[in-house]
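1. with the input below, show me the fold.
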Amino acid sequence: MSGPYPGDYEVYVIIPAGTAVRARPLRFVLFVIFAVVLLGPVKAEPGDVETTWRLLDYIAVDYAGAVAHGEVSSPSEYAEQNEFAATVAEKLQALPPKPEKQALLGEADRLKRAIADKADSEQVADTAHRLAAALLAAYPVSLAPAKAPDLARGAASFGQNCAACHGEAGDGHGPEAAKLDTPPIAFTDVDRARQRSVFGLYQVITQGLDGTTMASFKGLPADERWVLAFYAGQFAFSDAAAAEGERLWKHDPSLHRLLPELKTLIGTTPAALAAKIGQGKADALMAYLRRHPEAVAQQDGSLSLVRARLTESVDAVRAGDRKRAGDLALSAYLDGFEPIEPALTAGDRTLMERIEGLMGEYRAAVQVETADALSERVQVLDGLLDDAQAALSPDATSTLSTFLGAATILLREGLEALLIVVAMIAFLRKAERMAVMLYVHAGWIGALLAGFLTWVVATWVIGISGASRELTEGFGSIFAAVVLLSVGIWMHGKAQADQWQRYIRERMSKALSGGSAWFLFVLAFVVVYREVFETILFYAALWHQGNGGAIFAGALSACIALTIMAWAMLRYSSRLPIGKFFIYSSWLMAVLTVVLAGKGISALQEAGIVGISPLHAVPRLSLVGFFPTTETVAAQIVMIVALALGFAVNRRKV
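-> Down below sits the predicted model:
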């Protein structure tokens, strides 16, 4: 702001204690130096954000008891609602500057006006919930425990800490209740319970409740506070409802999309869930999941595990144990991110590749960077993981997106295998070796059958770990690349018609009999199984999200497209002169060799077998196997050099 004198400015700096200090130029500079050097940068205190969130949650739940049909039904409650709304605005004003802050203040003003105008309770609750969500997005605080609370000790903890006021049954009739000016909350009140999340209960337990005898339980360990929050949140819902909720959860996978992780369960109110599936189902699900949060944690094992492992790896670096930090970083990818990679690829491939690339860079940085630098990397990844969670949410999944995902996945994964198998079949036709053709057909058909067995085993027997997937893809790609290298050079050498005729006369009968025929079988099997294995995992992820009809339609469309491409390639290749056929085939093999070499090394990097040395100036083009690391680029250069030497030798022989 302009000060009272020309060239002077009036500046207010908020220090952590909340004191506004006025200063002019020289004094201002000295003060800022003092504030920054001695006090450090101003940050939002988690307690301030949590208190503001708790007040908003309280307004959303209790406003209905103060105003009904535009009239004040409880003057004391109404006065409290106005006071809390004003306090929310004050606390938001005191938060550190952020681009989102002005919007938060505007929403706080709307909330104050709505309460002053005695607006409908649903409007006030919606405004308060919207502001609370925006607050946490702008000033994040922990919304969930690292793991599902152990509710086995819930009854004992509630009896020790809460039952004196709230009663053993949570009905608000504890032995001390009659002595209190403000009656204790009855957790058995269904209408109130439907408006309150587990996170809201946790905040009240942690911070206490201003103006009441509800004290803060900050002294309890965080794990025990979460246990109390879940335990208190189940009183309003019966055991019968919980049994129905268990049945729904186990037999309707589409419900898992609504509550994909512990964080979502904790932040969701039964009323909000009811808007999507109906009140009866919402009550039943909440009855079950608040008694058994581990059911959500088991399916959530992905993104929450990624965050936990990354945080633990930073802590390990601070402790000086970089080996453990590296192991944790690898686990974050293989055990956390890799399982949801297929589903995320179908929804947002660009985001998936961005996260995958940054996690690879993080694993490389763990061995050389400071803990603070690594922590900054984790913060960037955490934001992208939030985007991933949004991309995996039910709102982001539609019938069309599922259809397109299923079709493009099968097309992309099937095209490489198709090119190689069709090239082998076309070659054998040119050579008029139809007997050996049976080995190629047996190879790709066997790969499809093996893929089906893999799906059965992965679904009902042992499951497939991230490391298994990457190793299968990596070694399969390397094997195929090496084979195609030799095949490409060989085909290039036979590009001249006289060379081919000479070869037919001298060696064809021997080359395509016995061991060579089995070699073609192995090659066809490996290249097809590698793609089938990958496709199975992608389709399993899509199937878990629902829309089975769209998946079948997408797969059928892709199969038709691949069939048409195979027919066109075989028909066109049969018309090519033998020399052109071999030269085109050799270049196709050369390109696929380079692509598979890059993909193979990248997969082995993701499995932790090969190290990672990032190349920031190199773009990522995963479709052609081009990845921004020294190792993948080096492998592709080696293949290119080998192909160039082989082709050069062939030309000298002509």
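2. what helix or strand is the most centrally placed residue in the chain located in?
-> Centroid-nearest residue in the chain: Ala388, 4.2 Å away (criterion: Cα atoms, centre = their mean). In this assignment (DSSP states H and E), Ala388 forms part of helix 371-391.
3. show me the contacts for the closest residue to the residue nearest to the centre of the chain other than its chain neighbours.
-> Leaving aside its sequence neighbours, Ala388 sits nearest to Leu344 (Cβ to Cβ, 6 or more residues apart in numbering; 5.5 Å). For the C-beta atoms, the positions are set from N, CA and C on the backbone; glycine is no exception. Residues near Leu344 by Cβ atoms under 8 Å, 6 or more residues apart in numbering: 351-352, 355, 388, 391-392.
4. which one (most neighbours) among those?
-> The most crowded member of the contacts of Leu344, judged by other Cβ atoms under 10 Å, is Ala388 (25 neighbours).
5. where's that residue relative to Gln203, distance?
-> 26 Å (Cβ to Cβ, to the nearest Å).
6. same check on Glu356?
-> Using Cβ to Cβ, we find Glu356 at a distance of 35 Å from Gln203.
7. can you give me the helices in the stretch 301-450 of the chain?
-> 303-318, 322-331, 341-347, 349-365, 371-391, 399-431, 434-460 (DSSP state H, counting those that start in this stretch).
8. nearest to Ser73 among these would be which one?
-> helix 371-391 (39.1 Å; Cβ to Cβ).
9. other SSEs contacting the closest one?
-> helix 303-318, helix 341-347, helix 349-365 (3 or more Cβ pairs under 8 Å, 6 or more residues apart in numbering; DSSP states H and E).
10. now render those helices as a markdown table, adding distance to Leu56 and mean pLDDT.
-> Below are the helices and strands packed on helix 371-391 laid out as a markdown table (distance: least, Cβ to Cβ, whole Å; pLDDT from 0 to 100):
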| stretch | distance to Leu56 | mean pLDDT |
| --- | --- | --- |
| helix 303-318 | 25 | 84 |
| helix 341-347 | 31 | 70 |
| helix 349-365 | 30 | 86 |
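11. mind putting those into JSON lines with distance to Ala79?
-> Output for the helices and strands packed on helix 371-391, formatted as JSON lines (distance: least, Cβ to Cβ, whole Å):
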{"stretch": "helix 303-318", "distance to Ala79": "41"}
{"stretch": "helix 341-347", "distance to Ala79": "48"}
{"stretch": "helix 349-365", "distance to Ala79": "48"}
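12. so which of the ones you listed gets nearest Val190?
-> helix 303-318 (29.8 Å).
13. list the buried residues in the closest one.
-> For helix 303-318, burial by neighbour count (16 or more other Cβ atoms under 10 Å) applies to 303-314, 316-317.
14. on that earlier part again, what's the farthest-apart pair in the contacts of Leu344?
-> It's Ile355 and Leu392 that sit farthest apart of these, by Cβ to Cβ, at 12.0 Å.
15. okay, angle between the helix holding Ala388 and helix 349-365 too, please.
-> 160 degrees (axes from the mean of the first three to the mean of the last three Cα atoms, to 10 degrees).
16. and the contacts of helix 371-391?
-> 260-261, 303, 306-307, 310-311, 313-315, 317-318, 340, 344, 347-348, 351-352, 354-355, 358-359, 361-362, 365-366, 369, 396.
17. what of stretch 63-81?
-> By Cβ under 8 Å, 6+ apart, stretch 63-81 touches 59, 62, 115, 118-121, 124-125, 128, 211.
18. reformat these as a markdown table; add distance to Leu411 and neighbour count.
-> Shown next, in a markdown table, are the contacts of stretch 63-81 (distance: Cβ to Cβ, whole Å; neighbours: other Cβ atoms under 10 Å):
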| residue | distance to Leu411 | neighbour count |
| --- | --- | --- |
| Ile59 | 52 | 26 |
| Asp62 | 55 | 20 |
| Ile115 | 56 | 24 |
| Lys118 | 59 | 19 |
| Ala119 | 53 | 17 |
| Asp120 | 51 | 16 |
| Ser121 | 52 | 19 |
| Val124 | 51 | 24 |
| Ala125 | 47 | 22 |
| Ala128 | 47 | 28 |
| Gly211 | 63 | 11 |
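19. looking at these, which one is closest to Lys98?
-> Ala128 (20.2 Å).
20. pLDDT score for that closest one?
-> Listed pLDDT for Ala128 reads 87.
21. number the residues from 110 up from this point.
-> Noted, 110 is the first residue going forward, which turns the last one into Ala237.
22. where's it, which helix or strand?
-> Element membership for Ala237 (DSSP H and E) is helix 230-247.
23. tell me the first helix or strand C-terminal of that helix.
-> helix 263-270.
24. what's that following helix packed up against?
-> For helix 263-270, the packing partners by 3+ Cβ pairs under 8 Å, 6+ apart come out as helix 331-341.
25. what residues does the helix it packs on touch?
-> 254, 258-260, 262-264, 266-267, 270-271, 275, 279, 296, 307-308, 310-311, 314-315, 326, 329, 399-400, 402.
26. buried ones in that helix?
-> So helix 331-341, judged by 16+ other Cβ under 10 Å, has buried residues 333-341.
27. and for stretch 181-199?
-> Those would be 187, 189-190, 193-194, 197-198, for stretch 181-199 by 16+ other Cβ under 10 Å.
28. next: stretch 720-732.
-> 721-723, 729, 731.
29. state the pair within the residues you listed that is farthest apart.
-> Ser722 and Ser731 (17.8 Å).
30. quick check: mean pLDDT across the helix holding Ala497?
-> Confidence for helix 480-500, expressed as mean pLDDT, is 83.
31. ok, stretch 350-357 next?
-> 90.
32. same question for stretch 157-172.
-> For stretch 157-172, mean pLDDT is 78.
33. any weak-confidence spans in the stretch 460-609 of the chain?
-> Flagging of the stretch 460-609 of the chain using pLDDT under 70 yields the residue ranges 501-511, 514, 540-541, 564-586, 588-590, 592-593, 595-609.
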